[in-house]
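> fold the following and give me the result.
(chains A and B)
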Amino acid sequence: MSVKEVLNKLTEHNAGVIGCMATRSGQLHHNLKDAYALIDMSMIAEEAEMMFTLLDDLDEPPTDAQHVFLEMPGHSVFAKRLDDGVLVVLNRPIDRRVFKQMQVGVNLFVKPLSRALASDEAEPSAEAAAPKPGKKRRFYRGVEY
Amino acid sequence: MEAKVIGFPDEKGGSSASFLSDVEAKELDRILADERVVGFALIGADGEELAVDGIWAEKSAAIFANVMRLADRIGEELGEKDVDPVVFAETANHEIAAVTLSKAKAVIVRDRSGPKKGLSHVR
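Purely as a prediction, here's the structure:
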């Protein structure tokens, strides 16, 4: 599954989730609808990452904070730390007790998301994948090597 | 944690109690009486430390003042201005709640590994 597909599934399978975004190595992916087109998603992801950095500083060794949940009148926001980035889930306003119950449904998608993010990063760009001039392409059973 | 923090004298010889309404002070006292609560901070409107006790006492006020500022900025970006988000965070061993009161912000740190007060221990 691609990152986009995982984010879409996470949103579809969890009632109350408006949309979500994920970063890895600073690269942002999201599936937020047009109503949220004007918000600065990179900024939100950066602020969430910064929260984890601050929370780590509370203790030595670092606290390794795993997630942050924000309750607001119009939205609630769940930020979960990933290997090299964050997942930010934007929800309708729910309190933390309700979110605790649906957190299992969100966590189900964390591993597939991490895998998709890692493979997305490992995927060579079109330019890099293009054959170099003068270099003969070699295949073994249809797979280029 | 003892519920002594309310009325804890601050550096200026005042009392943190003056930053709390009677209802807030009572509720905070009740929360702090929970044996799983291992840390507490009371932060002023400008991020200054008003009272701290327990775990991470040296850093918690400064760090949570900044964490709450970041939460405010996320809220503002989502169109929620001046709403003071309630912040919950979880580490491997602790859960943290940070909430804005009438004149101050309170941070409560609770041990996740301590005795549970739910029904799980009832036989």
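
> what about the most centrally placed residue in chain B, which helix or strand?
Nearest to the centroid of the C-alpha atoms of chain B, with distances taken as CA atoms, centre = their mean, sits B:V107, at 1.4 Å. Assigned by DSSP states H and E, B:V107 belongs to strand B:105-111.

> quick one, strands of chain A?
Using DSSP state E, the strands found in chain A span residues A:17-24, A:27-30, A:67-71, A:76-82, A:85-91, A:139-140, A:143-144.

> who's in contact with the third one?
In other words, strand A:67-71. A:48, A:51-52, A:55, A:76-81, A:93, A:95-96, A:99, B:67, B:71, B:74-75, B:85-90 (CB atoms under 8 Å, 6 or more residues apart in numbering or on different chains). No exception for glycine: its C-beta is placed from N, CA and C like everyone else's.

> list the buried residues of the longest helix anywhere in chain A.
What stands out as the longest helix in chain A, according to DSSP state H, is helix A:41-56. Going by neighbour count (16 or more other CB atoms under 10 Å in any protein chain shown), the buried part of helix A:41-56 is A:41, A:44-52, A:54-56.

> quick check: mean pLDDT of the strand holding B:V107?
Average pLDDT, strand B:105-111: 95.

> which residues touch it?
By CB under 8 Å, 6+ apart, strand B:105-111 touches B:24, B:28, B:31-32, B:34, B:36-44, B:54-56, B:60-61, B:64-65, B:68, B:93-99.

> next to chain A, which bits of chain B? Give me the list.
Residues of chain B lying close to chain A by CB under 8 Å from any CB of the partner chain are B:56, B:59-60, B:63, B:66-67, B:70-71, B:73-75, B:77-80, B:83, B:85-94, B:96.

> which of these count as buried?
Counted by 16+ other CB under 10 Å, those give B:56, B:59-60, B:63, B:66-67, B:70-71, B:73-75, B:77-78, B:80, B:83, B:85-91, B:93-94, B:96 as buried.

> quick one: low-confidence parts of chain B?
Low-confidence segments of chain B (pLDDT under 70): B:1-17, B:114-123.

> now the helices for it?
Counting by DSSP H, the helices of chain B are B:22-32, B:60-77.

> so how far is the shortest one off the chain centroid?
Relative to the mean C-alpha coordinate of its chain, helix B:22-32 is positioned 11 Å out (CA atoms, centre = their mean, to the nearest Å).

> quick one, it and strand B:105-111 angle?
20 degrees (axes from the mean of the first three to the mean of the last three CA atoms, to 10 degrees).
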